[in-house]
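Novice: sequence? don't have it. structure:
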């Protein structure tokens with residue numbers, strides 16, 4: 001874990017320092033949307049800010065130049081298999097980090113938009129975003145491994161996070177207000 005702090009500590013510190021600004025941004029955005037007559041100003045403002053603030057640090061980390069020659073890994077579960085045969089700490093950090101990359105997006109997108117309030121919709125958006133990141137890593141020659149496993153785990157993380165927020169998805173009536 002010391003290596004994680006040494007490599008990414010500055011991103012973690014910046015993400016924590018950005019929390020007050022994110023709270024202010026959500027309040028201002030909600031106030032503006034309320035003034036403009038938006039039907040759910042607070043809900044959509046919080047969802048929008050959480051999606052951005054919760055995803056940006058992970059994208060920053062994944063698009064930071066690495067130390068290996070940039071490679072492509074197109075064999076599904078090949079990198080995961082290699083990770084699981086190695087150090088438990090490395091596997092935890094790599095897999096856990098990849099699960100979190102689009103977790104905020106997956107959790108808040110269906111809360112924000114009824115149109116994307118399905119596991120298939122979340123999976124599609126997360127897979128597309130993850131593929132874009134992997135292509136950027138390769139295309140920008142960032143010295144990182146562009147892996148199909150990263151796309152799979154990033155997508156799984158978004159879908160799992162969406163499952164956690166399912167009761168708050170847009171378009172779902174709260175149980176207490178459903179008439180029979």
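Specialist: Yep, it's here. None of these values were measured; they are calculated from a predicted model.
Novice: only C-alpha atoms for contact and neighbour calcs from this point on.
Specialist: Will do.
Novice: which element follows the worst-scoring helix or strand of the chain on mean pLDDT toward the C-terminus?
Specialist: Least confident helix or strand, the chain: helix 2-17 with a mean of 84, by mean pLDDT, DSSP states H and E. Per DSSP states H and E, the first helix or strand lying C-terminal to helix 2-17 is helix 19-35.
Novice: low-confidence regions, the chain specifically.
Specialist: For the chain, applying pLDDT under 70 flags the ranges 1, 172-180.
Novice: thinking again about what came up before, go through the least confident helix or strand of the chain and flag the buried ones.
Specialist: Neighbour counts over helix 2-17 (16 or more other Cα atoms under 10 Å) mark 8, 11, 15 as buried.
Novice: and residue 146, what element?
Specialist: Residue 146 belongs to strand 145-147, assigned by DSSP H and E.
Novice: and for residue 72?
Specialist: Counting by DSSP H and E, residue 72 is part of strand 71-73.
Novice: centroid residue for this structure?
Specialist: residue 102 (1.5 Å; Cα atoms, centre = their mean).
Novice: what's the distance between the nearest residue to that one once chain neighbours are set aside and residue 34?
Specialist: Among residues not flanking residue 102 along the chain, residue 158 sits closest, at 5.2 Å (Cα to Cα, 6 or more residues apart in numbering). Distance, residue 158 to residue 34, by Cα to Cα, to the nearest Å: 29 Å.
Novice: cool, residue 161 as well?
Specialist: On the measure of Cα to Cα, residue 161 and residue 34 end up 28 Å apart.
Novice: quick one, which of these two is more surrounded?
Specialist: Taking neighbours as other Cα atoms under 10 Å, residue 161 and residue 34 compare with residue 161 leading, 21 against 14.
Novice: what's the more buried one in contact with, if anything?
Specialist: Residues in contact with residue 161 (Cα atoms under 8 Å, 6 or more residues apart in numbering) are 103, 104, 106, 107.
Novice: tell me which element the second one falls in.
Specialist: Element membership for residue 104, per DSSP H and E: helix 103-112.
Novice: got the contact list for that helix?
Specialist: The contact list for helix 103-112 (Cα under 8 Å, 6+ apart) reads 43-44, 47-48, 50-52, 54-55, 116-118, 122, 126, 154, 157-166, 168-170.
Novice: do stretch 48-64 as well
Specialist: By Cα under 8 Å, 6+ apart, stretch 48-64 touches 8, 11-12, 15, 18-19, 22, 25-26, 97, 100-105, 107-109, 112, 133, 136-137, 142.
Novice: swap in stretch 4-18?
Specialist: With Cα under 8 Å, 6+ apart as the criterion, stretch 4-18 contacts 53, 57, 60, 61, 93.
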